[in-house]
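In: Here is a sequence with its predicted model. Questions after.
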Amino acid sequence: MKKGSGRAGEASLDGVHVLIVEDRPTISQLIALAVEAEGGMAAVAGDAPGALAQARKRKPDVVLLDLLLPGTGGDSLIAALRALPGCATLPVVVLSGAESGLSRSIAAGAEAFLAKPFDIHELVVRIRQVLGARTGSAG
C-alpha cells in the first residue's frame with residue numbers, strides 16, 4: 001500500500017530507514033514526520049555520538065545530515081558512519097544553511113546537498129534519487 005503524496009509514487013519512501021542527524025529538535029521532528037508520511041521509518045539523533053549509536057542499533061538506508069552539529073561536525077561524522085560494519089557505501093544527503101555547505105559536502109563524500117530552508121517534497125525526491133543511484137535504478 002502506497003503512502004504519501006508523491007507524483008506517481010516517485011517520492012514514496014516505503015520501507016526506507018532514514019537516520020536524521022539534526023541538532024534542532026523542531027527541524028528533525030518535521031523531517032521525521034515527512035519521512036513517515038511517505039512510508040519511511042525515521043530515527044533521529046542530535047549529535048555525532050547519537051547518530052553513531054542509532055546506526056549501530058539499525059543500519060540506515062540513507063542519512064540526512066546537518067553539517068553544523070555540536071562537537072564533532074557533520075563532515076567528520078560521514079567518515080565515522082561509513083566506518084561502521086556494513087555502512088561503507090551509506091548514502092548521505094547533507095542539509096545545511098551554511099554557505100560553505102556544498103563544498104564541504106562534496107569534500108566529505110556526501111551524495112547530495114540541500115540548502116536550508118528546503119521544500120520537504122524536494123527532500124523526499126532527493127532521498128529517492130540517492131537510493132536509486134546506489135541501486136542502479138531511476139528514482
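Out: Noted; the coordinates are in hand.
In: Strands along the protein, start to end?
Out: With DSSP state E, the ranges of strands along the chain come out as 17-21, 41-45, 62-66, 92-96, 112-115.
In: Adding mean neighbour count, write those strands out as TSV.
Out: C-beta here means a position set from N, CA and C on the backbone, and glycine is covered the same way. Compiled in TSV, these are given as follows (neighbours: other C-beta atoms under 10 Å):
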stretch	mean neighbour count
strand 17-21	25
strand 41-45	20
strand 62-66	26
strand 92-96	24
strand 112-115	17
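In: Mean pLDDT for those strands - can I get that in TSV?
Out: As requested, the strands of the chain are exported to TSV (pLDDT from 0 to 100):
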stretch	mean pLDDT
strand 17-21	97
strand 41-45	97
strand 62-66	95
strand 92-96	91
strand 112-115	89
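In: just for the chain, where's the confidence low?
Out: 1-11, 134-139 (pLDDT under 70).
In: try it again with 80
Out: Judged by pLDDT under 80, the chain has its weakly predicted residues at 1-11, 72-73, 98-102, 104, 133-139.
In: relative to strand 17-21, how tilted is the helix ranked longest in it?
Out: When the chain is parsed with DSSP state H, its longest helix is helix 120-135. Angle, helix 120-135 to strand 17-21, by axes from the mean of the first three to the mean of the last three C-alpha atoms, to 10 degrees: 120 degrees.
In: so what's the residue nearest the centre of the chain up against?
Out: With distances taken as C-alpha atoms, centre = their mean, residue 64 lies nearest the centre of the chain, 1.8 Å away. Contacts for residue 64 (C-beta atoms under 8 Å, 6 or more residues apart in numbering) come out as 18, 19, 20, 21, 22, 31, 93, 95, 123, 127.
In: residues near the nearest residue to the fifth one once chain neighbours are set aside, how many?
Out: On the basis of C-beta to C-beta, 6 or more residues apart in numbering, the spatially nearest residue to residue 22 that is not a chain neighbour turns out to be residue 28, at 3.9 Å. Taking other C-beta atoms under 10 Å as the criterion, the count of residues near residue 28 is 20.
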